[in-house]
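>>> build me a structure from this.
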Amino acid sequence: MAAGNSAGNLRDAVPLRAIARALVIKLRHHGDVLLAAPVLSVLKAHAPAAEIDALVYDDTAPMLAGHPAMHTLYTVGRRWRELGALARFGAERALYAALRSRRYDLIVHLSEQPRGAWLARALKPHFSVAPIVPGRGAFWRNSFTHRYPLPRNGRRHAVELNLDALRRIGIQPSAEERRVQFVPGAEAEAKAAALVPERGFIHLHPTSRWSFKSWTVEKNAELIGRLAAEGHRVVLTASPAAAEMEMVAAIERLVPGKALNLAGRLSIKELGALAARAKLFIGVDSMPMHLAAAMGTPTVALFGPSGDQEWGPWNVAHRIVASGHSCRPCGNDGCGGGKVSECLTTLPVEQVHAAARALLG
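Predicted structure coming up:
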């Protein structure tokens, strides 16, 4: 593997006709993996003869499973570290053997995860690209033939940031190619249709795996009441996590009978299929918000400590609802690290309702 470090020998484009097999690595959370989907589409569009594989954590596999540009999806067990030494060695060995058998010509590593550097060295592709990570030394730098800079102001959308890896090797994606694609599958679509036969409802996902990204129970309930009074059917969803289930139950107690509660009853694929049937999605900065946008559903997104420029709904009609706090986006887990974000909790119901009505209109 040839590795270059200077600005001069890092500028050569990769000859795409020489790429028979490529591996895209994205070892992050669910939403991050979904927003990496355009990398598969763009790479396949510009190297149509190549087989494009992906490597993700096992729990995030549904975000890319079934993607039409992907050949094979490989996974790393997020909890492999909890296995005994022998079991973990066996799992790692099997994964490495499978990847090595593919004889990759190109590796596209989309995060700072160290595994990508080790794989770039061990699998010995002709070309490999990864971000420039401040503070990483020669091992990281010399593991890749190409490296791309991260934005100095930190305000670049995650989709574009992922695509920068391809720009670095000579691929300039068109606007049409940058679509986030998610494939629910026929089984998930049938399940969603059985649960909610009619289309044209409002899909409200009020929760996040991180509580400091959530709006309040009372304000979600008031919003549901307003929407129901206008004749809209509201469908509530949440993950099966105890904290999220409790939040939805608390909302439902304030507005009994005003919404259909599907919290904890849907897989990720089914959640995407449900969002596709809705006329509007309302939620916070979370994977379901990105999922709804990928399905083309108009989206109202509430933002607090996270940045809407980096994580806002992508390529879909949307409204961002955010406060004017001078400190946002701070990236902290609540004000003072207290798990409660005032920039979110103080958002008025009127503002969210107005955003919803604007998109519905």
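>>> and the strands in the chain?
Counting by DSSP state E, the chain has strands at residues 21-25, 51-57, 73-76, 106-109, 127-131, 146-148, 202-205, 234-236, 259-261, 280-284, 299-303, 318-322.
>>> direction included, what does the third one pair against?
By that I understand strand 73-76. strand 51-57 (parallel) (DSSP bridges).
>>> now stretch 19-29: buried residues?
19, 21-28 (16 or more other C-beta atoms under 10 Å). Where you see a C-beta, it was placed from the backbone N, CA and C, and this is true even at glycine.
>>> give me the contacts around the longest helix seen in the chain.
Assignment by DSSP state H gives helix 85-101 as the longest helix of the chain. Identification of contacts with helix 85-101 by C-beta atoms under 8 Å, 6 or more residues apart in numbering yields 23, 55, 74, 76-77, 80-81, 83, 119, 122-123.
>>> and the buried residues of stretch 19-29, which is closest to residue 127?
residue 19 (7.8 Å; C-beta to C-beta).
>>> surely the closest one meets residue 47?
Yes. Taking contacts as C-beta atoms under 8 Å, residue 19 lies within contact range of residue 47: 5.0 Å.
>>> per-residue pLDDT, the closest residue to residue 75 other than its chain neighbours?
Excluding the flanking residues, the one nearest residue 75 by C-beta to C-beta, 6 or more residues apart in numbering is residue 58, at 4.1 Å. Per-residue pLDDT puts residue 58 at 98.
>>> could you measure residue 58 against residue 30, distance?
12 Å (C-beta to C-beta, to the nearest Å).
>>> surely the residue nearest to residue 75 touches residue 78?
Yes. With contacts counted by C-beta under 8 Å, residue 58 reaches residue 78, the gap being 6.1 Å.
>>> between these two, which contacts overlap?
Going by C-beta under 8 Å, 6+ apart, no residue sits against residue 58 while also sitting against residue 78.
>>> where does the stretch 1-150 of the chain dip in pLDDT?
1-11 (pLDDT under 70).
>>> got a list of what the residue lying closest to residue 115 once chain neighbours are set aside touches?
Excluding its sequence neighbours, the residue lying closest to residue 115 (C-beta to C-beta, 6+ apart) is residue 27, at 6.3 Å. For residue 27, the contact set (C-beta under 8 Å, 6+ apart) comprises 55-57, 76, 111, 113, 115-116.
>>> tell me the mean pLDDT over stretch 159-166?
98.
>>> then it to CSV, C-alphas only?
Extracted C-alpha coordinates of stretch 159-166, given in CSV (Å, rounded to 0.1, in the frame of the first residue of the first chain):
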residue,chain,number,x,y,z
VAL,A,159,-24.0,14.2,4.2
GLU,A,160,-21.6,16.6,2.5
LEU,A,161,-18.9,15.7,5.0
ASN,A,162,-19.2,12.0,4.1
LEU,A,163,-19.1,12.9,0.4
ASP,A,164,-15.9,14.8,0.9
ALA,A,165,-14.1,11.5,1.1
LEU,A,166,-15.2,10.9,-2.5
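>>> still on that earlier bit, just give me the neighbour total for the residue nearest to residue 75.
13 (other C-beta atoms under 10 Å).
>>> ok, it - contacts?
75-78.
>>> now the two most distant members of those residues.
Pairwise over the contacts of residue 58, using C-beta to C-beta, the maximum falls at 75 and 78, 8.9 Å.
>>> overlap in contacts, these two.
57-58.
>>> ok so, going back, narrow the contacts of residue 27 to those that are buried.
55-57, 76, 111, 113, 116.
>>> hmm, back to that, distance to residue 177 added to the strands of the chain, as a markdown table?
Below are the strands of the chain laid out as a markdown table (distance: least, C-beta to C-beta, whole Å):
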| stretch | distance to residue 177 |
| --- | --- |
| strand 21-25 | 15 |
| strand 51-57 | 14 |
| strand 73-76 | 21 |
| strand 106-109 | 15 |
| strand 127-131 | 18 |
| strand 146-148 | 18 |
| strand 202-205 | 27 |
| strand 234-236 | 32 |
| strand 259-261 | 37 |
| strand 280-284 | 24 |
| strand 299-303 | 21 |
| strand 318-322 | 20 |
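>>> looks like residue 188 contacts residue 276 (just checking).
No. Residue 188 is not in contact with residue 276 according to C-beta under 8 Å; the separation is 9.7 Å.
>>> now the helices for the stretch 101-250 of the chain?
114-123, 138-141, 158-168, 186-195, 217-229, 242-254 (DSSP state H, counting those that start in this stretch).
>>> quick one: closest of those to residue 262.
Of those, nearest to residue 262 by C-beta to C-beta is helix 186-195, at 6.2 Å.
>>> and the closest one, how far out from the chain's middle?
On the basis of C-alpha atoms, centre = their mean, to the nearest Å, helix 186-195 is displaced by 22 Å from the centre of the chain it belongs to.
>>> please work out the average pLDDT along it.
Per-residue scores along helix 186-195 average to 98.
>>> what residues sit buried inside that helix?
In helix 186-195, counting by 16+ other C-beta under 10 Å, buried: 188-189, 191-192, 195.
>>> tell me the one among those residues nearest to residue 170.
Nearest to residue 170, judged by C-beta to C-beta, of these is residue 188 at 36.7 Å.
>>> would you mind measuring from that closest one to residue 251?
25 Å.
>>> repeat for residue 139
49 Å.
>>> the more surrounded of the two?
In terms of neighbours (other C-beta under 10 Å), residue 251 is the more surrounded of residue 139 and residue 251; the figures are 27 against 11.
>>> how about the more buried one, what does it touch?
Residue 251 neighbours (C-beta under 8 Å, 6+ apart): 206, 217, 220-221, 224, 236, 259.
>>> out of these, give me the two with the largest separation.
217 and 259 (13.1 Å).
>>> I appreciate the help and will end here.
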